[in-house]
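> Test case, fold it:
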Amino acid sequence: MAGPFVFTSSADLKPTLTKWLVKGLVPDDAQGELIGPPAAGKSFLAIDLAFCVATGTPFHGHAIKRTGPVFYIAGEGHNGLSRRFEAWQRHHRIRSGQVFLSERACSLLDPESVASVLLSIREIAEVLGTPALIILDTLARNFGNGDENSTRDMGHAVMALDEIRGEFGCTMLSLHHTGHEGTRGRGSSALKGASDFQFKFEEDRGVRVLSSLKVKEDRAPERMAFKLVDIRLGIVDDDGFEERKAVLELTEAPQPPGPGMSETTAKVLKWFQDNPEIEAGPKEVSAAVGVMPDNAGKSLEKLVEARHLEKLKRGTYRLLRNERKTPENPDLPEAGIQGTDSENRNAPLGASGFPNGVPSEEVDYFPPGTDKKSAPWGYFG
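Predicted coordinates:
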């Protein structure tokens, strides 16, 4: 029979400070998610976090408040992960034996598999101490024989995660892919509902941006932006090729979209600004920016209304001439800054001197000094 159900008076409750794993960023003894599209760099961030926690190295300005062994449960790419581990240690000039990489995936829906994971961690913990962080990369590869879209199956997976975390009182971080719309984790929302924190990691205008989507008990941290830096591993193959892997370095975050402009629309505008002579339709924009075609189409129409783009008769779009970076217009505003109709009407011609700043398809025109063979968009885009 269960014990009595107890209530405590509010007069007797004592508030406590948040216990942090990474100060102001990742709470201790918590369940969390890192979501993002494939190839966004989630594992780079997870590895960075793992070694910072294991070695006590500040995580890009955030102090590590609890150190200890870190266990990295990988569902795939073990050889590639080992090279990324080496890159981090070479870059930071720290050699650590406190990060442990699994040889195979865990099946969260299989109690025997979960028990095996617990046993292995327990054996190492008896020698080196209680783990501070356990990383699951990715949830899909460690899910087992179930359906991510099933609330029931996801609920069982969450219970397994809680069992692993609860055994050691550490933080559990699951890497998870976003769905087609790119705004939330794939499958059932039961995982986010059970998480104490959730981060999103994605490419944004040439950098990787970490943003907070959920914080259960504290203020959301500021966005952080990173760039990938290649590190030589000192491994050379028979053809003389030297293996390299990337690590993350902190960099300046892109400015958020302007008032009334979504991140997707800002990405579309930035792509056109970076490719000033391009002419493209929704499908081309969708592929280039990494958004759904319908969302690309909506963003294109919004940019036409905002007088950033013009729509051509053949159903394609291009920048209005005042949006193009040219000698006459070098100070192009960032995505999200909207010009007035008056500015659009009175804008100068483009650098080429052709009407609307764009030469016709029959004209062989290149900016001075351009190597035709290496021109990034063929003749004009």
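
> For the rest of this, base every contact and every neighbour count on C-alpha atoms.
Noted.

> Walking through this protein, point out its strands one by one.
If DSSP state E is used as the criterion, the strands of the chain fall at 20-22, 26-27, 31-36, 70-74, 99-101, 133-137, 171-177, 197-204, 207-215, 224-236, 242-251, 309-311, 317-319.

> Generate TSV for those strands, with mean pLDDT, mean neighbour count and distance to residue 87 as supplementary columns.
Below are the strands of the chain laid out as TSV (pLDDT from 0 to 100; neighbours: other C-alpha atoms under 10 Å; distance: least, C-alpha to C-alpha, whole Å):
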stretch	mean pLDDT	mean neighbour count	distance to residue 87
strand 20-22	97	21	22
strand 26-27	96	24	23
strand 31-36	94	26	21
strand 70-74	97	23	16
strand 99-101	97	18	14
strand 133-137	97	26	18
strand 171-177	95	24	20
strand 197-204	91	22	20
strand 207-215	92	20	18
strand 224-236	92	16	6
strand 242-251	92	17	6
strand 309-311	90	19	43
strand 317-319	92	24	41
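
> May I see these arranged in CSV, with distance to residue 143 as well?
As requested, the strands of the chain are arranged in CSV below (distance: least, C-alpha to C-alpha, whole Å):
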stretch, distance to residue 143
strand 20-22, 25
strand 26-27, 23
strand 31-36, 14
strand 70-74, 11
strand 99-101, 18
strand 133-137, 10
strand 171-177, 11
strand 197-204, 18
strand 207-215, 22
strand 224-236, 29
strand 242-251, 27
strand 309-311, 44
strand 317-319, 43
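
> among these, which is nearest residue 146?
strand 171-177 (15.4 Å; C-alpha to C-alpha).

> Listing partners with orientation, what would you give for that closest one?
Sheet neighbours of strand 171-177, with direction, are listed as strand 31-36 (parallel), strand 133-137 (parallel) (DSSP bridges).

> between these, which gets nearest to residue 82?
Closest to residue 82 of the strands paired with strand 171-177, according to C-alpha to C-alpha: strand 133-137, at 13.6 Å.

> how much does that closest one deviate in direction from strand 70-74?
Strand 133-137 and strand 70-74 meet at an angle of 10 degrees, taking axes from the mean of the first three to the mean of the last three C-alpha atoms, to 10 degrees as the criterion.

> which residues sit against strand 133-137?
By C-alpha atoms under 8 Å, 6 or more residues apart in numbering, the list of residues contacting strand 133-137 from outside reads 43, 46, 50, 53, 68-75, 142, 165, 170-176.

> Over to stretch 72-88?
Applying C-alpha under 8 Å, 6+ apart, the set of residues contacting stretch 72-88 is 44, 47-48, 50-51, 99-106, 134-138, 141-142, 231-233, 244-247.

> Across the sheet, point out what pairs with the residue most central in space within the chain.
The structure's the chain has its C-alpha centroid closest to residue 201; by C-alpha atoms, centre = their mean the separation is 1.8 Å. Counting by DSSP bridges, residue 201 forms beta bridges with residue 210.

> Done for today, thanks.
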